[in-house]
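Student: Dropping the sequence and predicted coords here.
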Amino acid sequence: FDNFIYSLPPAQCRYVVYDHEFMKDGRKQDKLLFITWCPRSADTNTKMLYATERPRVAEWIVGAFQVNADSVGEIKDYLGLDAGSDEDIAPDDDAWLSD
């Protein structure tokens, strides 16, 4: 998960398909996500373009849960991850922003 988070550019929009694997009731499970990543620092026109085109792209991604995120915290909230845990990267982590 951390590699995925580090790969998100802090000032550019992206469409991302992410297969999140987790354990529930002792069983390995996964959840396919279609994430529209539009960070707050991205250009406004670019964010508008990504929001407009999202339905067309989503048509090709069957069975994925759609997530709109402008911060790492939103992705973690959706996945039920603790944003303050030692294993996770906090949204305002300076190391993440410098990549």
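Tutor: It's in.

Student: Within the helices and strands, which one has K76?
Tutor: Element membership of K76 [criterion: DSSP states H and E] is helix 72-79.

Student: Which elements pack onto that helix?
Tutor: Helix 72-79 is packed against strand 27-37, strand 65-69, with contacts defined by 3 or more C-beta pairs under 8 Å, 6 or more residues apart in numbering; DSSP states H and E. C-beta coordinates here come from the backbone N, C-alpha and C atoms, glycine included.

Student: Just send those strands back as JSON lines, with distance to V57, mean neighbour count and mean pLDDT too.
Tutor: Listed next are those as JSON lines, based on distance: least, C-beta to C-beta, whole Å; neighbours: other C-beta atoms under 10 Å; pLDDT from 0 to 100:
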{"stretch": "strand 27-37", "distance to V57": "8", "mean neighbour count": "15", "mean pLDDT": "93"}
{"stretch": "strand 65-69", "distance to V57": "10", "mean neighbour count": "15", "mean pLDDT": "93"}
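
Student: so the helix holding K76 versus strand 65-69, what angle?
Tutor: Inter-element angle recorded for helix 72-79 and strand 65-69: 150 degrees (by axes from the mean of the first three to the mean of the last three C-alpha atoms, to 10 degrees).
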